[in-house]
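>>> quick check, what structure comes out for this input:
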Amino acid sequence: FGPMCFCWAFIPSLQASGNNGRMQSTYYNRSSPFYVPRDLRFNRIREIPGSAFKKLKNLNTLLLNNNHIRKISRNAFEGLENLLYLYLYKNEIHALDKQTFKGLISLEHLYIHFNQLEMLQPETFGDLLRLERLFLHNNKLSKIPAGSFSNLDSLKRFHSLDLEDNTRLNVFDDGTLMIRNTRESDQGVYQCMARNSAGEAKTQSAMLRYSSLPAKPSFVIQPQDTEVLIGTSTTLECMATGHPQPHITWTRDNGLELDGSRHVATSSGLYLQNITQWDHGRFTCHANNSHGTVEAAANIIVQVPPQFTVTPKDQVVLEEHAVEWLCEADGNPPPVIVWTKTGGQLPVEGQHTVLSSGTLRIDRAAQHDQGQYECQAVSSLGVKKVSVQLTVKPKVLAVFTQLPQDTSVEVGKNINISCHAQGEPQPIITWNKEGVQITESGKFHVDDEGTLTIYDAGFPDQGRYECVARNSFGLAVTNMFLTVTAIQGRQAGDDFVESSILDAVQRVDSAINSTRRHLFSQKPHTSSDLLAQFHYPRDPLIVEMARSGEIFEHTLQLIRERVKQGLTVDLEGKEFRYNDLVSPRSLSLIANLSGCTARRPLPNCSDRCFHAKYRAHDGTCNNLQQPTWGAALTAFARLLQPAYQDGICAPRGLGLPVGSRQPLPPPRLVATVWARAAAVTPDHSYTRMLMHWGWFLEHDLDHTVPALSTARFSDGRPCSSVCTKDPPCFPMNTRHADPRGTHAPCKVFARSSPACASGRPSATVDSVYAREQINQQTAYIDGSNVYGSSERESQALRDPSVPRGLLRTGFPWPPSGKPLLPFSTGPPTECARQEQDSPCFLAGDHRANEHLALTAMHTLWFREHNRVATELSALNPHWEGNTVYQEARKIVGAELQHITYSHWLPKVLGDPGTRMLRGYRGYNPNVNAGIINSFATAAFRFGHTFINPIFYRLNATLGEISEGHLPFHKALFSPSRIIKEGGIDPVLRGLFGVAAKWRAPSYLLSPELTQRLFSATYSAAVDSAATIIQRGRDHGIPPYADFRVFCNLTSVKNFEDLQNEIKDSEIRQKLRKLYGSPGDIDLWPALMVEDLIPGTRVGPTLMCLFVTQFQRLRDGDRFWYENPGVFTPAQLTQLKQASLGRVLCDNGDSIQQVQADVFVKAEYPQDYLSCSEIPKVDLRVWQDCCINKLEARLRQAGCTDVKGVPRKAEERWMKEDCTHCICESGQVTCVVEICPPAPCPSPELVKGTCCPVCRDRGMPSDSPEKR
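Below is the predicted model of the structure:
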């Protein structure tokens, strides 16, 4: 067949130090002018026209992968002579023109895999003389024309040896290759080829290693980044040379181990079979011998077709309700989520939105939105689809299917009242009595069908009931009347009335006297003693009212116990009932003997002249039709019927809640779940004054009368020594709930004092009512914490030495000379715990001494009263002291109202709450302004979550004072720090100069509140949060779920129903673990974990309660400052200039600078204003005009201008260029001239004229230059 021709081909060994810029794909010389990438991936490019990149001659890399390219025109890449890398994979290219790649003379890497190529032309790659890598896999090529790669020598792994030019190489006739004078560059892989006219044959490869000298490893072949489809196999090539021969090993990044069953190391590389997602990542080849180690790495990029991780489900929704379909998919490259409806695009009109997460949202579903929807996960590797069906039901308003009927029931019996309704969605049935919503308790039950059950009916249950059927589209209301009839004759407990009342009087008085001796004959030993002493009522009227209520209730308890003992009565297994315990006659006797009917007389509002102009200190006669509404020493109001275990007085938590399977969690356990030490996140919008103003305001609105006894009535033992829940003791279980590891099984807690006959004004008590609590403050925003809530308190605060309407003062603070509050006198005071401590200060509310911030605020406002009174007295020297006092008190009250509603509430409630609160529409005598029990006990305690564990004290430049800041608990009950450590200014600056604490759901409460209150003085600290929860149960506050219904939020059947208001699943899980049933969640902790409404500091339910209460406080107050007639229009205008910043300037010790709004965080000094720049209330509009002086002025013949120049009657003169004045009737009147627009673009102002002139049009006739 002809002579044989032997030739040798050679793969050179690539040295690590040679040609790095080309051989290592992960390295680029970024300082090169040719490193200019252009990333056009993941767009919707469909075609590349000719000369599209003609002016980008410095382009190095062009990324066009992951588009929709179908066509590439001729000469598309013309001008890219420096392009090295071209990525065209994952497109839709079907064909390549033979001149597609013309001009790419430097191209080294070309990626055209994952396209639709069906054929190639031989000339397609003809210009790519330097091409080293070409990817064509995953196309539709059935054959490749001969010569397609003939010019791609750089792609060939072997190249022929140049025997003519290299004299060291010689091939013998038998084919032997001899290399003379070998060099390191001769190292590599050799292959012998024999060729003649009939064909060619090749030998196996042979490795030539250069080992004349020891050499550290160097790579012959390095691994390259590789894309591979999941489930397939690939090889990462890696070969190295050195002397001795290097050992090759492989590792993975992040310490991951190789999978020995699928990762096989071979002599030429690492073989990876059956690729999985876990193979995605970086693999490193290590070559090492005794002289060193080298390594090279490459990425395995695992390509994964789309797979759904979250699939949507069919939905049935009501019309106008929102729809959300979650659809999520994974893959590499990441798939794109596309939604279609019935095979087509989503409707352009309507409320359809596809979120970045892939979720399809329909805001308000309509009938035309019904149908089949398809979620598609699309990537270059394929499409995954899932279909869902949407059914939209039409909305149907609630319609009653069974109406309740008027009926009657005997005392002590149970009764069921049916009320059923239908609608879409299914309506929720609630019942109201006298405007108060009925809640689940031992007294009432409403089943799922809407039937109301009343247990142990009594005369208080008689009245009109409303059945309300409510769904998201509206409500329907119907009503019925229930008559309760008396049973004639004696009742089971009548025989025990006299003995029980005597025993109750003896037991209650004994316990009260024991408590008073313990609290006031010595200094308190525990934190509980301190709190009991601090809050113990000082007013004899309050003490007598609370005592009567305790005797009344304890008498009924004793009768109940004696009846149940069966001394003379067999109950025959009947459950105990209050209303068939004693007859109405006996109940009236108990009320008389306990002192309930002899309590506070009805208010006398006959002095219409006084009550038309000024408030009574106790709040009576504000509403002339209902004179006790909002008054001090009245029962708190209710939004919902109280939720007591027995329907009357037993708090929730004494046993299993009604309808629940597990007991309520201990309050201490609930508190510790939400309290933890963590870094405080600052509120970048508001200052600490926001929280502390709310605290100060709360003391103006409410103060619950506490227990008179901290010893149980049954045997007089202190509540602190027993853990049984005998009245008035209601201890908190701490077993398994105290992180401090204390061994005490419970924490002491005494119930609030009950109101006699639940605060009913009737002189005759003929039935048992649910327990209510007493508010000893007036409900109105009237400064009762400054002036007191009774005439007796107010007189004690007045300064009798100077009849000018002033409040009593203490000694002056030396630097400023401004007085401090006077000291309180009386029994041993809780403030002087150490000999060096000062007594408590005297203020309108004894809680002024509770914290340094409160002490400073009380000092501020008592000084404000005296400042206003002094100025009013100077303006009106003919006013007697009481008039000055009442007018100053009226102005201070108006300032408090204005600051609260115009400056404070808008920050707390934001724009949403401000709109709900709406503007003032005038006084409404049908609105009861009384404080709602749930507001005082839970809602207005929201400030606890904003308490910062550090109490800041700042100097004049807002730096820390020399005495330093304080832990929050050390600022409690320490008013002596005001005297010893800088006065009130450092405290006040710490309120308006420091950012508030942001309420983070994961860090609601500081351990300062749950573990360290009073711990500096006593071994056992008070848990403020647990106390709030226990107080809510004591007061019969219904669970959170009932308030949701009241506030028109969705009812809850399971914890997932809370996800709209409490989005954090971890918080919902904590609630589930604590309570078991969503219907048992206490109100306060739920309010605190609700998500804040954007722009506010409250959640949805808390917003509802705030708006309800503050609307009532405003609309039901006859003396509201905006009510026409309370102030003159001129006075009202001035009152609206009032601000807390101005009060700080006027009454601080020496405050010279504040921000414009002290509730808003500002930067010092640039955002602070001098006090002279803060607007003030001009009290001159309160000056009485003397008519004689006015008549004398009218008789004057001339005037005197502002400069003191006498003017004749009717004289006219120019005060300034634009101001004309005239003297008429003894009065100077000046008018400012208004200039019309000038008829030229650049008018000039000429001296002596008022208006600018146009010189090019001549001067005005009266111009000085023409005169």
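>>> isn't residue 298 up against residue 224?
Yes - under the criterion of C-beta atoms under 8 Å, residue 298 makes contact with residue 224 at 5.4 Å. Placement of C-beta: from N, CA and C, glycine included.
>>> give me the three-state assignment for residue 1110.
Under DSSP: H, G, I helix; E, B strand; the rest coil, the three-state class of residue 1110 is helix.
>>> how many other residues sit next to it?
20 (other C-beta atoms under 10 Å).
>>> which ones are touching it?
Residue 1110 is in contact with 901, 905, 917, counting by C-beta atoms under 8 Å, 6 or more residues apart in numbering.
>>> repeat for residue 539
Counting by C-beta under 8 Å, 6+ apart, residue 539 makes contact with 776, 790, 792, 793.
>>> how near is the closest residue to residue 555 other than its chain neighbours to residue 550?
Nearest non-adjacent residue to residue 555, counting by C-beta to C-beta, 6 or more residues apart in numbering: residue 504, 4.1 Å away. Between residue 504 and residue 550 the computed distance is 8 Å (C-beta to C-beta, to the nearest Å).
>>> where do the contact lists of those two overlap?
Residues touching both residue 504 and residue 550 (C-beta under 8 Å, 6+ apart) are residue 713.
>>> so the two - more neighbours on which side?
residue 550 (28 against 24).
>>> which helix or strand contains the more buried one?
Here residue 550 sits within helix 540-564, counting by DSSP states H and E.
>>> who are the packing partners of that helix?
If contacts are counted by 3 or more C-beta pairs under 8 Å, 6 or more residues apart in numbering; DSSP states H and E, helix 540-564 sits against helix 497-520, helix 584-594, strand 774-775.
>>> by contact count, what packs against the following helix or strand past the shortest one?
Right, strand 774-775. Counting by DSSP H and E, the next helix or strand C-terminal to strand 774-775 is helix 784-787. With contacts taken as 3+ C-beta pairs under 8 Å, 6+ apart, helix 784-787 sits against helix 689-701, helix 791-797, helix 852-875.
>>> OK, contacts around residue 823?
Neighbouring residues of residue 823 by C-beta under 8 Å, 6+ apart: 810, 838, 839, 840, 841, 842.
>>> please apply the same query to residue 1220.
1212, 1213, 1214, 1230, 1231, 1233.
>>> ok, 6 Å please
Contacts for residue 1220 (C-beta atoms under 6 Å, 6 or more residues apart in numbering) come out as residue 1231.
>>> for residue 272, give me its contacts.
By C-beta under 6 Å, 6+ apart, the contact set of residue 272 is 234, 263, 279.
>>> tell me the bridge partners for it.
residue 234, residue 263 (DSSP bridges).
>>> ok, now how distant is residue 987 from residue 534?
Residue 987 is 20 Å from residue 534, by C-beta to C-beta.
>>> who has more neighbours, these two?
Neighbours per residue, other C-beta under 10 Å: of residue 987 and residue 534, the larger number sits with residue 987, 30 against 20.
>>> just the pLDDT for that one.
pLDDT for residue 987: 97.
>>> I figured it hits residue 852, correct?
Yes - counting by C-beta atoms under 6 Å, residue 852 is a contact partner of residue 987 at 5.1 Å.
>>> what residue spans form the domains of this structure?
215-302, 311-393, 401-485, 489-599+707-776, 1185-1232 (automatic domain parsing).
>>> for the fourth one, how far is the first residue from the last?
Pointing back at domain 489-599+707-776 there. 39 Å (C-alpha to C-alpha, to the nearest Å).
>>> got a list of what residue 647 touches?
Applying C-beta under 6 Å, 6+ apart, one finds that residue 647 lies in contact with 441, 442, 443, 455.
>>> so what's it scoring on pLDDT?
On the pLDDT scale, residue 647 gets 88.
>>> distance check, it against residue 411.
14 Å.
>>> repeat that for residue 880.
Distance from residue 880 to residue 411, counting by C-beta to C-beta: 57 Å.
>>> if any of the contacts of residue 647 are buried, put those into a PyMOL selection.
Paste this into PyMOL to select the buried members of the contacts of residue 647, with burial taken from 16 or more other C-beta atoms under 10 Å:
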select buried, resi 441+442+443+455
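>>> before I go, just wanted to say thanks for your time.
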